[in-house]
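> Quick check, what structure comes out for this input:
(one chain, ligands or ions: 1)
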Amino acid sequence: MTGFPAGAHREGMTAIPDTATALRLRDLRKEYRVGQQTVIALDGVTLDLPRGSFTAVMGPSGSGKSTLLHCAAGLDRPDSGTVELAGAPLGGLSERALTKLRRDRAGFVFQAFNLMPSLTAAQNVSLPLRLAHRRPALTQVEGALAAVGLAERAGHRPAELSGGQQQRVAVARALVTSPDVLFADEPTGALDTKSSHQVMGLLRQLVDEHGQTVVMVTHDPVVAAWADRVVFLCDGRIAGQLYHPTPETVANRLAHLEDA
Ligand SMILES: Nc1ncnc2c1ncn2[C@@H]1O[C@H](COP(=O)(O)OP(=O)(O)OP(=O)(O)O)[C@@H](O)[C@H]1O
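The predicted model follows:
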């Protein structure tokens, strides 16, 4: 498997002090106003993700999981509080600077794969490099596909791949820029049990063998149990954490949250 040390091989970045914390969230608050109503989506969330850690975020529907992931990844801005991605504060950045930082430092995997149907697996994987105006080196693209076990499928289009293979291409695309943090929103939501197992095994391997930092939103206790830690959200607040989760301990904690 080709190595993708997190945060390596970045071009043209100013030196930012390296820290043991890949993501620092401090007192994040976010409200949405719909007509006369105000919904508090995040109500003071403070969380650190150490480098090389694998964190699952769980909670009832509407508890703020996606809002948290989006604010942490710089896809959305909190009303107050601070986000530091690999030591770089996101607050106060222009849209342009935020886009650049996101491209350089964050990788994304979504439930719906979001691959371009007309492009081959290799072309899909090279897209983030092209968008960042970096010349995609063949070895980088081949390496990312090899890392997800799809070296043989580089010339295949998404329709010629299974759902699990498509999601592995999406993981390769997220890895090709060597992101400091890989953000995954329901990465197995559209997969059957076997493919889900393969994709989670892959994420686990990236953390264990390459020190990748991963944070993932999921509704599935079996999926969450692949993480080192599960953070539970309820009404926009952290309602507990579980280290060394198992499907049973996660399901149990979740049931108590939903009853509360
Ligand atoms: N763009 C928006 N406009 C208005 N309200 C929003 C918006 N996005 C989210 N919300 C509200 O903020 C709260 C948190 O939403 P969020 O999507 O973060 O929850 P979630 O835990 O990810 O939910 P789910 O598990 O159902 O995806 C919810 O009450 C939701 O209705």
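
> quick one, strands of this structure?
Along the chain, counting by DSSP state E, strands occupy 21-34, 37-50, 54-58, 80-85, 88-89, 106-110, 181-185, 213-217, 229-234, 237-243.

> export those to TSV and tack on mean neighbour count?
Using the backbone N, CA and C atoms, a C-beta is placed for each residue, glycine as well. Shown next, in TSV, are those (neighbours: other C-beta atoms under 10 Å):
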stretch	mean neighbour count
strand 21-34	17
strand 37-50	17
strand 54-58	25
strand 80-85	18
strand 88-89	16
strand 106-110	22
strand 181-185	24
strand 213-217	26
strand 229-234	22
strand 237-243	16
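
> nearest to residue 164, of those?
Ranking the strands of the chain by their distance to residue 164 (criterion: C-beta to C-beta) puts strand 106-110 first, at 12.6 Å.

> Can I get that closest one in PDB, CA atoms only?
Output in PDB follows, covering the C-alpha atoms of strand 106-110 (Å, rounded to 0.1, in the frame of the first residue of the first chain):
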ATOM      1  CA  ALA A 106      -9.400  18.700   4.300                       C
ATOM      2  CA  GLY A 107     -10.600  15.600   2.500                       C
ATOM      3  CA  PHE A 108     -14.300  14.800   2.100                       C
ATOM      4  CA  VAL A 109     -16.300  11.600   1.700                       C
ATOM      5  CA  PHE A 110     -20.100  11.800   1.400                       C
END
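
> which parts of this structure sit against the ligand?
The interface of the chain toward the ligand, taken as C-beta under 6 Å from any ligand atom, is made up of 32, 34, 39, 41, 59, 61-67.

> Mind doing that once more with 5 Å?
32, 34, 39, 41, 61-67 (C-beta under 5 Å from any ligand atom).

> now, among those, which is nearest to residue 113?
Among the residues of the chain next to the ligand, and counting by C-beta to C-beta, the member closest to residue 113 is residue 66, at 17.1 Å.

> Determine which two of the residues of the chain next to the ligand are furthest apart.
34 and 65, at 18.9 Å, using C-beta to C-beta across those.

> so how far is stretch 99-108 from its chain's centroid?
Distance, stretch centre to chain centre, for stretch 99-108: 11 Å (C-alpha atoms, centre = their mean, to the nearest Å).

> Can you list the buried residues in that stretch?
101-108 (16 or more other C-beta atoms under 10 Å).

> and which of these is nearest the ligand?
Proximity of the buried residues of stretch 99-108 to the ligand (C-beta to the nearest ligand atom) peaks at residue 108, which lies at 15.2 Å.

> For residue 114, see how far away the closest one is.
8 Å (C-beta to C-beta, to the nearest Å).

> likewise residue 74?
18 Å.
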